[in-house]
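In: Sequence first, then the predicted structure:
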Amino acid sequence: MQPVYLQARPQARFDEMLWACDLNLVRGEDSLVRALWAGQPFVWHIYPQHDDAHHAKLLAFLDWL
């Protein structure tokens, strides 16, 4: 099976895709929030930041969860 790459789209269209998918894979914090709002299962691929800010963001998310 060949991967399918989608073009960038406006925020409203991105949200529609998140709502329609059975599983969402997201990276940035904004996309994480959108995935949470979509109410579908998701995987957050948190990426390292030079000042290690990603650690605090991950801990805050886990505390909330």
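Out: Thanks, I have it. Numbering: from 1, shown residues only.

In: which ones are touching the spatially most central residue of the chain?
Out: By CA atoms, centre = their mean, the chain has its centre lying nearest to Val26, at 2.6 Å. Contacts for Val26 (CB atoms under 8 Å, 6 or more residues apart in numbering) come out as 32, 34-35, 42-45. C-betas here are computed from N, CA, C, even on glycine.

In: Also Leu6?
Out: Leu6 is in contact with Met17, counting by CB under 8 Å, 6+ apart.

In: Need phi/psi at it.
Out: phi -100, psi 150 (degrees, to the nearest 10).

In: just Val43 next, same as before
Out: Per degrees, to the nearest 10, the backbone of Val43 is at phi -120, psi 130.

In: residue contacts, it?
Out: With CB under 8 Å, 6+ apart, Val43 has these contacts: 23-26.

In: In TSV, list those residues along with secondary structure, pLDDT and distance to His50.
Out: TSV is the format used below for the contacts of Val43 (DSSP: H, G, I helix; E, B strand; the rest coil; pLDDT from 0 to 100; distance: CB to CB, whole Å):
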residue	secondary structure	pLDDT	distance to His50
Leu23	coil	95	30
Asn24	strand	94	26
Leu25	strand	93	23
Val26	strand	93	21
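
In: Can you say which of those are buried?
Out: Buried subset of the contacts of Val43 (neighbour count, 16 or more other CB atoms under 10 Å): 24, 26.

In: Pick the one among the contacts of Val43 closest to Ala8.
Out: Of all the contacts of Val43, Val26 has the smallest distance to Ala8: 14.3 Å, by CB to CB.

In: now that closest one, nearest residue through space, not along the chain?
Out: Ala35 (4.7 Å; CB to CB, 6 or more residues apart in numbering).

In: which helices and strands does the helix or strand encompassing the one you found pack with?
Out: Under the criterion of DSSP states H and E, Ala35 resides in helix 29-38. With contacts defined as 3 or more CB pairs under 8 Å, 6 or more residues apart in numbering; DSSP states H and E, the packing partners of helix 29-38 are helix 11-20, strand 24-26, strand 42-44.

In: hang on, the earlier thing: in JSON lines: the contacts of Val43, plus distance to Leu6.
Out: As requested, the contacts of Val43 are exported to JSON lines (distance: CB to CB, whole Å):
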{"residue": "Leu23", "distance to Leu6": "15"}
{"residue": "Asn24", "distance to Leu6": "13"}
{"residue": "Leu25", "distance to Leu6": "12"}
{"residue": "Val26", "distance to Leu6": "14"}
